[in-house]
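# sequence first, then the predicted structure:
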Amino acid sequence: MKIFKLLPKTALVMALTFSLISGLFAQSAEEGKTLFQANCTSCHAINDKVVGPALKDVHKRREEAWLVKWIKNSQKLIASGDAVAVQLYKENNESPMTAFENLSDNQIKSIIAYVKAESEAPAATAAVAATTPGNVPPSEDGNDLSSSINWLLLLIGVLLLGVIRYVFIILGRISDIQGKPAINWNSVNAVLMLVFVVVGLIAGTWEFIVHGKLTYFNEGPASAHGVEYDNMFMITLIITGIVFIITQILLFWYGFKYKSDGKRKALYYADNHKLELWWTAVPAVVLTVLVIRGLITWSHMTAKTEPNTRNVEIFAYQFGWNARHAGADNKLGKHDFRQVGKVNALGVDTADVNAYDDIIVNELHLEVNEPVEFAFRAKDVIHSAYFPHFRAQMNVVPGLPTRFHFTPTVTTAEMRTKKNDSNFDYILLCNKICGGAHYRMKMKVVVDTKEDYQKWLKSQPVLVAGKSANAPVAMN
Amino acid sequence: MSDHNLTHSHDDHEHHEDNFITKYIFSMDHKMIARQFLITGIIMGTIGMLMSLIFRLQLAYPNMTFPFLEGILGHWGKDGKLDPNFYLALITIHGTIMVFYVLTAGLSGTFSNLLIPLQVGARDMASPFMNMLSYWFFFTSSVVLLWSLFVEGGPASAGWTVYPPLSALPKAIPGSGTGMTLWLVAMVLFIASSLLGGINYIATILNMRTKGMKMSRMPLTIWAFLTTAILGLLSFPVLLGGSLLLIFDRSFGTSFYLSEIVAEFAGGIERTGGSPILFQHLFWFLGHPEVYIILLPALGITSEVIATNSRKPIFGYRAMIGSILAIGILSFIVWGHHMFITGMNPFLGSVFMLGTLIIAVPSAVKTFNYLATLWQGNLKLTPAMMFAIGLVSLFISGGLTGIYLGNAALDINLHDTYFVVAHFHLVMGSAAIFGMMSGIYHWYPRMFGRMLNETAGHIHFWLTLISAYCVFFPMHFMGLAGVPRRYYANTAYDQFNVFVDMNQFITIAAMLGGIAQLIFLANFFYSIFKGRRAPQNPWNSNTLEWTAPVEHLHGNWPGEIPHVYRWAYDYSKPGSEVDFIPQNVPDAGQVDPLEEAVGLPEVSVKSAVSAEASH
């Protein structure tokens, strides 16, 4: 049991070492922000209830010393019979908060300082404003567009309807006087179609130039198979792009050109087998090319890996991720869903010796140019592990293990230079609807150089330290 | 009761003296049922659209508060902020309403009901009673779905695809409580409605065509409705089965879809042995044909409207039928492309990929045939025609991105992103809505005996087209940056901040689209009472429905049902004095309706048409 108590949030071990230094300094909200985002956001938000309660004004509701105790180990506090703690536990359906014994007092205080700063920020005063009617609740941006925009939109809508009504009345009068429709819609539509296709194609091109830069194709893939992926995409883009432009131009051009002028008769032209054969055969051939090319790419992506590929398990739950590295033996210990619990969050089979050197983290580290085979496992509902920069995604299904593998080729540092963004991080995000905090269920992914990766790996505690693989340990 | 006694003396085909209830509420007349389907569909569509505007507001301005939300949503919009759980409820119900209630029942239900008997020349549906039941099951289903908005925990929130375990475990998400149960009840009722309708449509088309209406002479609308009904009949029961198993899992402790779920989460019972993926197979076995259940009627309507308003025969009539059938058949072997990344065997993925991309061939044939129909035409650019052209444009735009998503190798990074949202909203959402609008503008005179305001129709069209492209085209780029769908906000990801402006632009464009639909709604309801009286055949169309009198009769035609002598597309036939020859006009010397009409009518078309009308 003791071992597993040390497990949660093992990523914090590094933070612990740093904290010896940083703890000397005054608690800063800035540091608190980083810690908050790394540790708390999977269950908490400032203003919204996520898994745990909203933290706004928590510094007013509780003593700081109490908060430190609670955050370090809430179960201990409850067990000690603290009335507030017991009450809080009951209010939240007796679902325990993860213990953060790795955090120093000063770190916890800086988190509280951050929450305090956020609570007092003018942005978050919506609740206060709502209790005093007549006040315009300011938005989190600090500007007060929020309520006026409703009225503005409503006003525009009403005005527009009014204008449209008058237009109809006037048009009706004109056509009554002239005895024919006031607008010849046949001509107007014909011209509008031409305008539409020209403006539309220009706007589309503009989007490709401007918004194309925002896509992940701009900096290229960060994985080995990603190169082939991007090629496949570009081939498809070129082919479909050509078809798109030709057919859209023809469609609207015909609409313009062949509008009825009241004099011409349409051409009675019902069939042309040769023509139809052509436009059945050509798409068929083009698609055959795409299918074959696609199948080749697909088979490369899903090919079996080398036997000694590094194994990593990705574990998903509402609402967060864990990664379990296989350790020195490169064998992941078995898992058993019946053992998933408050202490053994991942349900690692405590009887399996292969599990002893496994490393559980909540920040995924990968070594550059080293293939990784991922095994995916979910605790509760279906999630989807989406690594957009690595061109990889796989559903995480409870009770149905799934696998995927790729080779990262660009380190985080290299990608930061490439994107010219010193804050950039690879992410693993959830891409299958899984509940209220689905939209922020993510894990940071770091691609290290070989040296950095080894260094990081050594700094992580294994599940059962110092035990050889053939000596079973009493876990309970 | 006394009314009933009176009507007994009448002949079956004569019109009855109906009282208010039998005429407007429990009507068995297919034309009235069509109107009921349409108006219910429009009301549901309006609700679905308003929901989309609420969540678009959230996506564009995630940090702002909108006090009016608290007014309309209560605690779901506390302090003017949309609750993340209710956001999921909104997207779920928006999807359900649009896919099933508007584009299946509202589109197919309306036009199959209106056009099948009138275009094949039948007095009514094969079973008018079943037809009435079909509507009332649909109506009840709509009520149950809307009712679920008001239960504790809110309506179903697991996405319109309701994947278990999220939908199976009542504790997984607030909406998976009573709301999800009601969703399933609504779906079961809906499927019953759909099956009752479908059997009727098939029976009517196969058995009740008038003399001379050979299968090879049927308008393309009827071919589309027939294929649609067959698809529905074969695929909806699978969803019914899937839904029932889900009900079992939810309420009776079975584990068809549940495996290895920890006890505390599963409500104290150990759930093992099932497979969450099984539900996805059952769901998409309906779900993919469903796409064509939505699209085919829209394409059928477009074929009819484009041919009529181009004053040209539809190009490649047989190829069009062939491609409808090919799409129908292929739609049953492609469902797995929704599941490439569920851990499916890669080889199986390849098979589904092959089938999916083959569908592009008949779709391409249809597109080229539309273009060829427009070529050298004499286009009457009515609102119906504009919406039909708009459909072709959206069908191309949305269809082409299907080639990316159907490719398993590409899907792996596009799956469940905004790229998918853009794709299906263009090809299935907008295109089918355009088909529906085209049908409404074209057959409104037939339905309500009055004309819609044309100017309002054109304004509606242009605003809707511009809005559709402005909303959905930019979404492709968001998808290609990895922005996932069904996210309450993108604020947790710094790299998605670049799309703040785009999200606001999309929301404003969506509001423009909403305003455009207000114009339509006003036009639609105003014209029912105050529109200009419709002539009998306002578009000079060839099909049989325009030979029936403007005033609705029970039994459709006052005298004998007209016989059919030719196909539906004799527009601008060389040698003919007018540019259309209705299907019921025989060739010179043609006595037997079953003979092929190759020549021209003996008498002038105008006199033949007016003779028919004066029956």
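Looks like it arrived, so ask away. The shown structure was predicted, so the numbers you read here are calculated from the model rather than taken from an experiment.
# under the pLDDT cut-off, which ranges of the chain? List them.
This is for chain A. Applying pLDDT under 70 to chain A flags residues A:1-30, A:38, A:42, A:48-51, A:91-95, A:120-150, A:466-476.
# hmm, no, I was thinking of chain B.
B:1-17, B:263-264, B:266-268, B:603-615.
# name the single longest helix found in it.
If you go by DSSP state H, chain B has its longest helix at helix B:276-310.
# give the next helix or strand downstream of that one.
The helix or strand immediately downstream of helix B:276-310 is helix B:317-330, counting by DSSP states H and E.
# which other helices and strands contact that following helix?
Where contact means 3 or more Cβ pairs under 8 Å, 6 or more residues apart in numbering or on different chains; DSSP states H and E, helix B:317-330 is packed against helix B:220-251, helix B:276-310, helix B:360-374. Any C-beta I mention is one placed from the backbone N, CA and C, and that applies to glycine too.
# what's the most buried one of those helices?
Most buried of the helices and strands packed on helix B:317-330 by mean neighbour count (mean count of other Cβ atoms under 10 Å in any protein chain shown) is helix B:276-310; its value is a mean of 26.
# briefly note if that one comes near chain A.
Yes. Shown here: helix B:276-310 in contact with chain A (Cβ under 8 Å from any Cβ of the partner chain) through B:276-277, B:310.
# can I get those residues in TSV with distance to residue A:426?
TSV is the format used below for those (distance: Cβ to Cβ, whole Å):
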residue	distance to residue A:426
B:276	28
B:277	28
B:310	54
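# and the residue nearest the centre of chain A, what are its phi and psi?
Nearest to the mean C-alpha position of chain A, by Cα atoms, centre = their mean, lies residue A:429 at 3.6 Å. Dihedral pair for residue A:429: phi -120, psi 160, per degrees, to the nearest 10.
# please name the bridge partners of it.
When assigned by DSSP bridges, residue A:429 has beta-bridge partners residue A:386, residue A:442.
# from what I can see it touches residue A:441, true?
Yes. With contact defined as Cβ atoms under 8 Å, residue A:429 and residue A:441 form a contacting pair (6.9 Å).
# which neighbours do those two share?
With contacts taken as Cβ atoms under 8 Å, 6 or more residues apart in numbering or on different chains, residue A:429 and residue A:441 have no neighbour in common.
# any idea how far residue B:23 is from residue B:136?
For residue B:23, the distance to residue B:136 (Cβ to Cβ, to the nearest Å) stands at 15 Å.
# ignore the last one, residue B:198
Per Cβ to Cβ, residue B:198 is found 16 Å from residue B:136.
# ok, these two, which is more surrounded?
More neighbours surround residue B:198 than the other of residue B:198 and residue B:136, with 24 against 16 (other Cβ atoms under 10 Å in any protein chain shown).
# distance of the closest residue to residue B:565 other than its chain neighbours relative to chain A?
Once flanking residues are discounted, residue B:565 sits nearest to residue B:586: 4.3 Å by Cβ to Cβ, 6 or more residues apart in numbering or on different chains. Distance, residue B:586 to chain A, by Cβ to the nearest Cβ, to the nearest Å: 19 Å.
# and residue B:586, what is it in contact with?
Residue B:586 neighbours (Cβ under 8 Å, 6+ apart): B:563, B:565, B:593, B:597, B:601-602.
# compare the residues you listed and tell me which is most surrounded.
Neighbour-wise, the contacts of residue B:586 (other Cβ under 10 Å) top out at residue B:565, 26 neighbours.
# pull the contacting residues for that one.
By Cβ under 8 Å, 6+ apart, the contact list for residue B:565 reads B:212, B:583-587, B:590, B:593, B:595, B:597.
# in the stretch 1-150 of chain A, which spans are helices?
Assigned by DSSP state H, counting those that start in this stretch, the stretch 1-150 of chain A shows helices spanning A:2-6, A:12-22, A:29-39, A:58-61, A:64-72, A:74-79, A:83-91, A:105-120, A:126-131, A:145-178.
# just put those in JSON lines and tack on mean neighbour count and distance to residue A:448.
Shown next, in JSON lines, are the helices of the stretch 1-150 of chain A (neighbours: other Cβ atoms under 10 Å in any protein chain shown; distance: least, Cβ to Cβ, whole Å):
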{"stretch": "helix A:2-6", "mean neighbour count": "14", "distance to residue A:448": "24"}
{"stretch": "helix A:12-22", "mean neighbour count": "15", "distance to residue A:448": "13"}
{"stretch": "helix A:29-39", "mean neighbour count": "18", "distance to residue A:448": "17"}
{"stretch": "helix A:58-61", "mean neighbour count": "14", "distance to residue A:448": "36"}
{"stretch": "helix A:64-72", "mean neighbour count": "18", "distance to residue A:448": "30"}
{"stretch": "helix A:74-79", "mean neighbour count": "17", "distance to residue A:448": "34"}
{"stretch": "helix A:83-91", "mean neighbour count": "14", "distance to residue A:448": "39"}
{"stretch": "helix A:105-120", "mean neighbour count": "21", "distance to residue A:448": "24"}
{"stretch": "helix A:126-131", "mean neighbour count": "15", "distance to residue A:448": "42"}
{"stretch": "helix A:145-178", "mean neighbour count": "13", "distance to residue A:448": "44"}
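# now these as a markdown table including distance to chain B?
A markdown table is the format used below for the helices of the stretch 1-150 of chain A (distance: least, Cβ to the nearest Cβ, whole Å):
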| stretch | distance to chain B |
| --- | --- |
| helix A:2-6 | 16 |
| helix A:12-22 | 20 |
| helix A:29-39 | 9 |
| helix A:58-61 | 18 |
| helix A:64-72 | 22 |
| helix A:74-79 | 15 |
| helix A:83-91 | 15 |
| helix A:105-120 | 13 |
| helix A:126-131 | 5 |
| helix A:145-178 | 4 |
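# setting the sequence-adjacent residues aside, check what's closest to the residue nearest the centre of chain B.
Nearest to the geometric centre of chain B sits residue B:103, at 2.4 Å (Cα atoms, centre = their mean). Among residues not flanking residue B:103 along the chain, residue B:294 sits closest, at 4.4 Å (Cβ to Cβ, 6+ apart).
# hang on, the one you found packs against residue B:109?
No. Using Cβ under 8 Å, residue B:294 makes no contact with residue B:109, being 11.7 Å away.
# near chain A, which residues of the stretch 501-615 of chain B?
Looking at chain A, the residues of the stretch 501-615 of chain B close enough under Cβ under 8 Å from any Cβ are B:502, B:511, B:515, B:518-519, B:522, B:569, B:571-574, B:579.
# tell me which two of those sit farthest apart.
B:502 and B:574 (52.7 Å; Cβ to Cβ).
# so between those two, which is more surrounded?
When residue B:502 and residue B:574 are compared on other Cβ under 10 Å, the one with more neighbours turns out to be residue B:502, at 19 against 8.
# for residue B:463, give me its contacts.
Residue B:463 sits next to B:512-513, B:515-516, B:519 when contact means Cβ under 8 Å, 6+ apart.
# how much space between it and chain A?
In this view, residue B:463 and chain A are 10 Å apart by Cβ to the nearest Cβ.
# got the angle for the host helix or strand of that residue vs helix A:145-178?
Assigned by DSSP H and E, residue B:463 belongs to helix B:454-472. Angle, helix B:454-472 to helix A:145-178, by axes from the mean of the first three to the mean of the last three Cα atoms, to 10 degrees: 150 degrees.
# after helix B:454-472, which helix or strand is next?
Following helix B:454-472 in sequence, per DSSP H and E, is helix B:475-479.
# what number of residues lie near the residue lying closest to residue B:245 once chain neighbours are set aside?
In space, and not counting its chain neighbours, residue B:245 is closest to residue B:256: 4.4 Å by Cβ to Cβ, 6+ apart. For residue B:256, the count of nearby residues is 21 (other Cβ under 10 Å).
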